[in-house]
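Enquirer: need the 3D shape of this:
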Amino acid sequence: MTTPPKVRRYHASAAESVRPDLGGEAASSAERPFSDTHIRLSVRKKAEAPDVPPQNDDRERFMRTDPVDDGLLAHVKPPEAPAPTSEEDLDSQLEAIRAENLSERQLRIARRIAALHQIEVASDEEAVLRLRQRGIDPSHRAALGQILSSEGSRAQAKPAANTPAVMPKRPSMPAARPGTEVGPVKPDLPSREALTEEKRAAEIFRIQRDIAKRRRRRMFLLGLRLLAFVILPTALAGWYYFRVATPLYATVSQFRIQSAEGQGSSGSGLGGLLSGSQLATNTDSVAVQSYLTSRDAMLRLDADKGFRAAYQDPAIDPVKRLTPDATNEETFALYRKSVKIGYDPTEGMIDMEVIAPDPQQSQDFSLALIAYAEEQVDQMTSRLRDDQMKGAIEIYEDAEAKVLAAQRRVQELQQSLGVLDPAAEGTVVMTQISALETQLATKRLELGQLLANPQPQQSRVTALRGDITRLQEMIAETRTQLTEGDDSRSSLALISGELRIAESDLLTRQELLAGAAAQMESARIEANKQVRYLSLSVAPVSPDEATYPKAFQNTLVAFLIFSGIYLMLSLTASILREQVST
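Expert: Prediction:
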């Protein structure tokens, strides 16, 4: 940033200074008996301005600020001085201009052109009049363009604000009389030599050379900054990737989590629609992905396959190598970089990439992680299956035990009561009663026939009446067996009731046992539907060529990163420098 000079005009010699040399005044003041070096009282009289000596042509040409007539504007008439007019003529001319009905835009443009030519006017119509008197038509587009171009040339021909002006030589002022000066003595201002064409060209060449020198210095500093912040770090990164970095081998595998219900189940509703899609196993896939990237999986892999020892080999470069006393956190950070797992929810596929210093170790690590994932899937679904089957089995076992108890109750009643089948016993008793009643009816018919004779045989009548009486007693005694008991056993009705209750309880328990068996079978089917298993799509195969590092890509990324950092720092420095300077 260039600071403009504070002194606009200076002079190279005392002869060209604004204040001429006051030699005589100094001599006369030296002869004074008393003078103060700081304050001097003097009375100056206004001297007549001397004649200014004519200047030379070179100085006159450099001092000119008006546009040079190069013949390009020969068709434009030079401005003419306005002719003196009286008040009546001026008013009449203004009325004639108003009668032309010029637009506000034309009047405004005329006012601006008049201000551009430093013409003082009182109204827009007067501006049009004064311009026409000078031969300028403000409403003509070509004339307006010529005026603007001439004013632009004049503005370009003016000296810059910071350019030192060439001061003409001034005649020496009459010396003030001694004792009439007021204030301290002003020092002589430096004067300036005449600016010739050769000196002007030499000054321009010096300025151009200084600008070119500054530009070369800035480009050199820019190259140094780029070398320090971009090129050297990029070269260091490229040297590491191409020469120092240990080759690493990556094994790629792909698998998915499947469920048994998606094979042949035909559900209804939204659950049936989603049962065969990947949304049914989405949570299981996410859980497996989280487990494989956890510390538990890293510790199991280290215990089974020696993951930490594989990266503590002295042949590995110091950036990737683990120290002998590496903590679990350092090992886990390296594990996260070495095991990359991605999940695609649209396809339900889990992509796994395992990186190791040796190709065989990379394959072993992949197989071990796949086995861990399969165990995790089994553990996630085994609890749900066990819970479902456990409840169904408990219900079935309880129903079975109660059926057995009911059967033992029936057996105990049959043994204690001495009745195998109460219904059969009742049928036998009722059959006996029916037979006795039939015989009773027959005896009564025979007795009636005998009594119908005029002289019945008394012995037969007595015998029949005895038979009828005995049959009636037998029927009554047989009926009492159904409702009344004796010392040997209870009544048939009581035995039948107890056995019926026990048999109905047994029947109920058997039905409950059948329902429990059906429920257990349904639970087994549902548990089988909840089975998840891991299906391996791409088996891990050990690579025969190093996969990492990708030297060219990594070097290019390093270059872009360092370039971005340098760009941000340079922009920040530029903004801060601008803020400080303003």
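
Enquirer: now do the buried residues in the helix or strand residue 509 falls within.
Expert: Using DSSP states H and E, residue 509 maps to helix 492-529. Going by neighbour count (16 or more other CB atoms under 10 Å), the buried part of helix 492-529 is 492, 495-496, 498-499, 502-503, 505-506, 509-510, 512-513, 516, 519-520, 523, 527, 529. For every residue, glycine as well, the C-beta is placed using N, CA and C.

Enquirer: repeat that for stretch 369-389.
Expert: 369, 370, 372, 373, 374, 376, 377, 380, 381, 385, 388.

Enquirer: this protein: strands as residue ranges?
Expert: Assignment of strands within the chain using DSSP state E yields the ranges 249-259, 339-344, 349-356, 532-538.

Enquirer: which of these has the lowest mean pLDDT?
Expert: For the strands of the chain, the weakest mean pLDDT is recorded on strand 532-538, namely a mean of 83.

Enquirer: what pairs with that strand, parallel or antiparallel?
Expert: Partner strands for strand 532-538, per DSSP bridges, with pairing direction: strand 249-259 (antiparallel).

Enquirer: about what we covered before: so which of the buried residues of stretch 369-389 sit within helices?
Expert: 369, 370, 372, 373, 374, 376, 377, 380, 381, 385, 388 (DSSP state H).

Enquirer: hang on, the earlier thing: nearest to residue 449, of the strands of the chain?
Expert: With respect to residue 449, and counting by CB to CB, the nearest of the strands of the chain is strand 249-259 at 91.6 Å.

Enquirer: any idea of the angle that closest one forms with strand 339-344?
Expert: 40 degrees (axes from the mean of the first three to the mean of the last three CA atoms, to 10 degrees).

Enquirer: next, count neighbours for residue 88.
Expert: Neighbourhood size, residue 88 [other CB atoms under 10 Å]: 8.

Enquirer: I'd say residue 302 and residue 308 touch.
Expert: Yes - the pair residue 302 / residue 308 is scored as a contact, 5.0 Å apart, by CB atoms under 8 Å.

Enquirer: mutual contacts of those two, please.
Expert: residue 331 (CB atoms under 8 Å, 6 or more residues apart in numbering).

Enquirer: so between these two, which is more surrounded?
Expert: residue 308 (20 against 17).

Enquirer: any idea how far residue 434 is from the more buried one?
Expert: If you measure residue 308 against residue 434 using CB to CB, to the nearest Å, the figure is 98 Å.

Enquirer: what helices and strands are in contact with the helix holding residue 509?
Expert: Judged by 3 or more CB pairs under 8 Å, 6 or more residues apart in numbering; DSSP states H and E, the packing partners of helix 492-529 are helix 359-417, helix 422-452, helix 458-483.

Enquirer: mind doing that once more with 10 Å?
Expert: helix 261-264, helix 359-417, helix 422-452, helix 458-483 (3 or more CB pairs under 10 Å, 6 or more residues apart in numbering; DSSP states H and E).

Enquirer: and among those helices, the most buried is which?
Expert: helix 359-417 (a mean of 17; mean count of other CB atoms under 10 Å).

Enquirer: mean confidence score for that one?
Expert: For helix 359-417, the per-residue pLDDT averages 83.

Enquirer: got the angle for it vs strand 249-259?
Expert: Using the same axes, to 10 degrees: helix 359-417 against strand 249-259 is 20 degrees.

Enquirer: tell me the one of the buried residues of stretch 369-389 nearest residue 577?
Expert: Using CB to CB, the buried residues of stretch 369-389 come closest to residue 577 at residue 369, 55.1 Å.

Enquirer: just confirm the closest one contacts residue 292, I think it does.
Expert: Yes - shown here, residue 369 and residue 292 form a contact pair, counting by CB atoms under 10 Å, at 5.7 Å.

Enquirer: what touches both of these two?
Expert: 298, 301, 339, 341, 352, 354 (CB atoms under 10 Å, 6 or more residues apart in numbering).

Enquirer: neighbour-wise, which one of those leads?
Expert: In these, the most neighbours by other CB under 10 Å go to residue 354, 27 neighbours.

Enquirer: what's the distance between it and residue 443?
Expert: 108 Å.

Enquirer: for the nearest residue to residue 515 once chain neighbours are set aside, give me its contacts.
Expert: Leaving aside its sequence neighbours, residue 515 sits nearest to residue 399 (CB to CB, 6 or more residues apart in numbering; 7.4 Å). Neighbour list for residue 399: 508, 509, 510, 511, 512, 513, 514, 515, 516, 517, 519, 520 [criterion: CB under 10 Å, 6+ apart].

Enquirer: just send these back as CSV, with pLDDT and distance to residue 556 too.
Expert: Converted to CSV, the contacts of residue 399 look like this (pLDDT from 0 to 100; distance: CB to CB, whole Å):
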residue, pLDDT, distance to residue 556
508, 87, 82
509, 84, 81
510, 86, 81
511, 88, 79
512, 87, 76
513, 86, 76
514, 88, 75
515, 86, 72
516, 86, 71
517, 86, 70
519, 84, 66
520, 85, 65
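
Enquirer: make CSV out of these and add distance to residue 480.
Expert: As requested, the contacts of residue 399 are exported to CSV (distance: CB to CB, whole Å):
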residue, distance to residue 480
508, 33
509, 35
510, 36
511, 37
512, 39
513, 40
514, 42
515, 44
516, 45
517, 46
519, 49
520, 51
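
Enquirer: among these, which two are most distant?
Expert: Checking the contacts of residue 399 with CB to CB, the most distant pair is 508 and 520, at 18.5 Å.

Enquirer: export the strands of the chain as JSON lines, with columns for distance to residue 469.
Expert: As requested, the strands of the chain are arranged in JSON lines below (distance: least, CB to CB, whole Å):
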{"stretch": "strand 249-259", "distance to residue 469": "86"}
{"stretch": "strand 339-344", "distance to residue 469": "102"}
{"stretch": "strand 349-356", "distance to residue 469": "100"}
{"stretch": "strand 532-538", "distance to residue 469": "88"}
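
Enquirer: quick one: which of the contacts of residue 399 is nearest residue 470?
Expert: Of those, the one sitting nearest to residue 470 (CB to CB) turns out to be residue 508, at 46.5 Å.
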